[in-house]
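Colleague: Show me how the following folds:
(2 chains)
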Amino acid sequence: MIYLWAFLIGGAICVVGQVLMDIVKLTPAHTMSTLVVAGAIADAFGIYDPLVKFAGAGASVPITSFGYSLVHGALTELERDGWIGVVTGIFDITSAGISSAIVFSFLAALLVRPKG
Amino acid sequence: MKKLGSQTWQFTTRPVILGSSAVVGPEEGEGPLASDFDFIFDSLEMGEKTWEKAERALFMKASVMALENAGLDEEKLEYFVGGDLMNQIISSSFAARKLGVPYLGVFGACSTSMESLAIAAMIVDSGGGKYALAGTASHNCTVEKQFRYPTEYGSQKPPTSQYTVTGSGCAVVGQNDGTAKGPYIVFATLGKIMDLGLKDPLNMGAAMAPAAADTILSHFRDTGLSPGHYDLIVTGDLATVGLPIAKKLLADEGIPMEETTFNDCGLLIYDLDKQKYTIAGGSGCGCSAVVTYGHILKRMKKGELKRVLIVATGALLSPLSYQQGESIPCVAHAIALESGGEGA
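Modeller: Numbers count the residues shown, from 1 in each chain, chains lettered A, B, ... in the order given. A predicted model of the protein is given here:
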């Protein structure tokens, strides 16, 4: 059942992205930023956490989960360490994603030359 | 040279296209016009390290081949009129380094092909010189990178978007001394800027259609001719979205386009059913240039076409103007060609 929910919820988030591009006429970059911010706001209202538990990768793979992770890490460390936690925690959960982006970009740049 | 009406030049000496060239990339080489091109590169890199250098290589190859096809020594060439889509038109200016003749750089976006030909014809017709080279080039990867997204980015494209032609076309315009058989350059109708407020750079066919229609309308008003005078009228790169709009605008004005064959270079260059990645059809400076200097001039030579009107269309936007929310000003320049063997 979790597979079905992952498919439906993940698919629904992607449909929102496609609608933002095709009908609202946002650029791909604006669409991405909008989804990140939407994920962050959803976490602030405590909506995204239950969604991840409910739909698994359907909610954790789309870019909205990046916004969710930023806010979630900050809020967790805020509770633990006080206000400084907002700064230290913001990249806590997302650090794996950001580090792998840097490492794999470095490896790709060693092998091929970007031409733009 | 005589001015007819408000926008048309009539070249009284009827300058001749002594020779031309159409050099393309691998994708155009897979299209239906492949046999009409003088040279087909088998890779988009063209043996160069950057896309910009590849575009320049295209341009240089086309300029050399045009001179060869015209049977003209490089030393005899007197002028070069060229342009392209890059910032500061680097491809034509850098290609001009090798030619060593007075150079006029022009920018008309995708209308550059006919804009440069009109200026070259004016130079020759007015006695400013005997031989002038007109040409332009575009490369799919340089243009996508400059006007849309980086080529590696793989951004989605809507069904209205067009595919930039990798190609360069050049023509050697010479004085009509009575010996050359043509094709002759008879008229040039210079377009006005048309801007109906469209802002989507991924739907340029629709933005440019009113400019094409306006120039065609002005051509017939200024010359007193009707579409039936021509065996073929082609627009530059309106593609599947823009051509029907242009047809409707002309029908609304009561221009009987059904008297002639009315087509578009962006539709002729690719097989849209097989080459799905071209989406709505071809675009770019090279589009009307290689279709005209390759396909159309060869058909004229074979006697299949006698009189042709080429209406090259250009969308004069910059990435910056688009980001600042400006609409797209468009222009279209028309040239009437006539094959030899008959008076004006």
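Colleague: What is the longest helix seen in chain A packed up against?
Modeller: When chain A is parsed with DSSP state H, its longest helix is helix A:2-22. Contacts defined by 3 or more CB pairs under 8 Å, 6 or more residues apart in numbering or on different chains; DSSP states H and E place helix A:2-22 against helix A:28-44, helix A:48-55, helix A:57-60. C-beta coordinates here come from the backbone N, C-alpha and C atoms, glycine included.
Colleague: From the rest of the structure, what touches it?
Modeller: A:26-28, A:30-32, A:34-35, A:51, A:54-59, A:61-64, B:156, B:158 (CB atoms under 8 Å, 6 or more residues apart in numbering or on different chains).
Colleague: Quick check on whichever residue of the stretch 201-344 of chain B sits closest to chain A: phi, psi?
Modeller: When scored by CB to the nearest CB, the stretch 201-344 of chain B has B:Q323 as its residue closest to chain A, at 9.2 Å. B:Q323 has phi and psi values of phi -70, psi -30 when expressed as degrees, to the nearest 10.
Colleague: quick check: mean pLDDT across the longest helix of chain A?
Modeller: The average pLDDT within helix A:2-22 is 96.
Colleague: got the angle between that helix and helix A:48-55?
Modeller: Put simply, helix A:2-22 runs at 130 degrees to helix A:48-55, going by axes from the mean of the first three to the mean of the last three CA atoms, to 10 degrees.
Colleague: Any idea how far helix A:2-22 is from the middle of the chain?
Modeller: From the chain centre to the centre of helix A:2-22 is a distance of 14 Å (CA atoms, centre = their mean, to the nearest Å).
Colleague: List the buried residues in that helix.
Modeller: Neighbour counts over helix A:2-22 (16 or more other CB atoms under 10 Å in any protein chain shown) mark A:W5, A:A6, A:I9, A:G10, A:I13, A:G17, A:L20, A:M21 as buried.
Colleague: Format the residues you listed as TSV; extra columns: distance to B:P201.
Modeller: Converted to TSV, the buried residues of helix A:2-22 look like this (distance: CB to CB, whole Å):
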residue	distance to B:P201
A:W5	39
A:A6	36
A:I9	34
A:G10	31
A:I13	27
A:G17	20
A:L20	18
A:M21	14
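Colleague: do you know how far B:A171 is from B:S288?
Modeller: 12 Å (CB to CB, to the nearest Å).
Colleague: no wait, A:Y68
Modeller: Relative to B:S288, and taking CB to CB, A:Y68 is found at 50 Å.
Colleague: In a strand, B:A188, correct?
Modeller: Yes - under DSSP: H, G, I helix; E, B strand; the rest coil, B:A188 sits within a strand.
Colleague: what's the span of stretch B:259-276 from first residue to last?
Modeller: 31 Å (CA to CA, to the nearest Å).
Colleague: Could you give the number of residues near B:Q7?
Modeller: For B:Q7, the neighbour count with other CB atoms under 10 Å in any protein chain shown is 20.
Colleague: meant to ask about B:A280
Modeller: B:A280, neighbours per other CB under 10 Å, totals 27.
Colleague: for it, what are its contacts?
Modeller: B:P159, B:T160, B:S161, B:Q162, B:Y163, B:G205, B:A239, B:T240, B:V241, B:G266.
Colleague: Quick one: name the residues of chain B near chain A.
Modeller: B:50-51, B:141, B:145, B:149-153, B:155-156, B:158, B:200 (CB under 8 Å from any CB of the partner chain).
Colleague: Could you say which helix or strand holds B:G83?
Modeller: Assigned by DSSP states H and E, B:G83 falls within strand B:79-84.
Colleague: Three-state assignment for B:S168, please.
Modeller: strand.
Colleague: For it, list each beta-bridge partner.
Modeller: Listed by DSSP bridges, the beta-bridge partners for B:S168 are B:V23, B:A137.
Colleague: hang on, it packs against B:C287?
Modeller: No - using CB atoms under 8 Å as the test, B:S168 is too far from B:C287 to be in contact (11.0 Å).
Colleague: what sits in contact with each of the two?
Modeller: In contact with both B:S168 and B:C287: B:S138, using CB under 8 Å, 6+ apart.
Colleague: More neighbours: these two, which one.
Modeller: For B:S168 versus B:C287, neighbours defined as other CB under 10 Å are more numerous around B:S168 (38 against 34).
Colleague: which residues touch that one?
Modeller: B:21-24, B:55, B:58-59, B:61-63, B:135-138, B:286, B:289-290 are the contacts of B:S168 under CB under 8 Å, 6+ apart.
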